[in-house]
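A.B. asks: Predicted model and sequence follow; I will ask about them next.
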Amino acid sequence: MRQEYRYRFITSGSLLGITLRSTTSIPVGSIIRKEMFQLDFEEFLVANRFGTDAIAVLREKFHRKESLGEEQHRKVMDLFRRYLLVGGMPDTVNEYLFSHNIVKVREVQESIRMMYGDDASKYEQDNGCNLLIRRIDDYSNLSILPIEVKSDKDYAIHSALNNLLSVKDYHLLSGLVLSNNRKVTTRDKVTYIPIYYVMFLDSTGQNKEDIFF
């Protein structure tokens, strides 16, 4: 049917990789693999009609280590708190956008949790093996940026982060403190940023002096 070009197939599922491994021959060139993830905070903002131009402004301020205005800060913090409640699973986000009812959102979350539990148990039942967590052994290519999450009142007190940065053998050049506080500041090796800026943290978006190789 595939060779007749009359049909296109979409397959998905947590056991799909195991199924393909047991296939005697994989039609190279006929399969396109796509990885799908839950919505991150930036995508949650877009889903809530937070304009892409506004997100671009946030990104620019993040890279410049600038603070948002009071009104902007309150709006983004409110959406971030909603994101923490709703999460990034597409069904829960759709329910929130449709009903704005957290009770109904919780019902969808519980349904997803139960389905994941049932699905994960199949790995052991059907394949006679447990799920394994991959170890990270290639530390030479691992970027390290220590982060501590704090509340608004005591965000400047972070003994755990200070102790980590003080160990010379770790060669850590900087650290981040995420909090509800609006202002972006830097003291010694520590930069303080609002917690919603976490959506812009990635290995390609950091300055060279902020990453340890």
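C.D. replies: Okay, I see it.
A.B. asks: residue contacts, the spatially most central residue of the chain?
C.D. replies: The structure's the chain has its C-alpha centroid closest to Asp40; by C-alpha atoms, centre = their mean the separation is 5.2 Å. Under the criterion of C-beta atoms under 8 Å, 6 or more residues apart in numbering, the neighbours of Asp40 are 88, 199. From N, CA and C alone the C-beta is placed, and that goes for glycine too.
A.B. asks: now swap in the one 5 residues further on and tell me
C.D. replies: Leu45 makes contact with 55, 76, 79, 199, according to C-beta under 8 Å, 6+ apart.
A.B. asks: go again using 10 Å as the cut-off
C.D. replies: Taking C-beta atoms under 10 Å, 6 or more residues apart in numbering, we find Leu45 in contact with 39, 51-52, 54-55, 58, 76, 79-80, 83, 196, 199.
A.B. asks: tell me which of those is nearest to Val177?
C.D. replies: Ranked by distance to Val177 (C-beta to C-beta), the contacts of Leu45 are led by Tyr196 at 13.8 Å.
A.B. asks: Phe80 is in contact with that closest one, correct?
C.D. replies: Yes - the pair Tyr196 / Phe80 is scored as a contact, 4.4 Å apart, by C-beta atoms under 10 Å.
A.B. asks: Pull up the overlap in contacts between the two.
C.D. replies: Taking C-beta under 10 Å, 6+ apart as the contact rule, Tyr196 and Phe80 both touch 41, 45, 180.
A.B. asks: all helices of the chain, in order?
C.D. replies: Applying DSSP state H to the chain gives helices spanning 16-21, 41-47, 52-64, 70-86, 90-99, 102-127, 159-166.
A.B. asks: just those helices: most buried one?
C.D. replies: Comparing the helices of the chain by mean neighbour count (mean count of other C-beta atoms under 10 Å), helix 41-47 ranks first with a mean of 18.
A.B. asks: Please list all residues in contact with Leu176.
C.D. replies: If a contact means C-beta under 10 Å, 6+ apart, then Leu176 has 145-149, 158, 161, 190-193, 197-198, 201, 206, 210 as its contacts.
A.B. asks: give me that answer again for 8 Å
C.D. replies: Residues counted as contacts of Leu176 (C-beta under 8 Å, 6+ apart) are 145-148, 190-193, 201.
A.B. asks: Now render the residues you listed as a markdown table, adding neighbour count and pLDDT.
C.D. replies: Output for the contacts of Leu176, formatted as a markdown table (neighbours: other C-beta atoms under 10 Å; pLDDT from 0 to 100):
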| residue | neighbour count | pLDDT |
| --- | --- | --- |
| Leu145 | 15 | 83 |
| Pro146 | 18 | 89 |
| Ile147 | 12 | 91 |
| Glu148 | 18 | 92 |
| Val190 | 18 | 93 |
| Thr191 | 17 | 94 |
| Tyr192 | 20 | 94 |
| Ile193 | 24 | 94 |
| Leu201 | 15 | 86 |
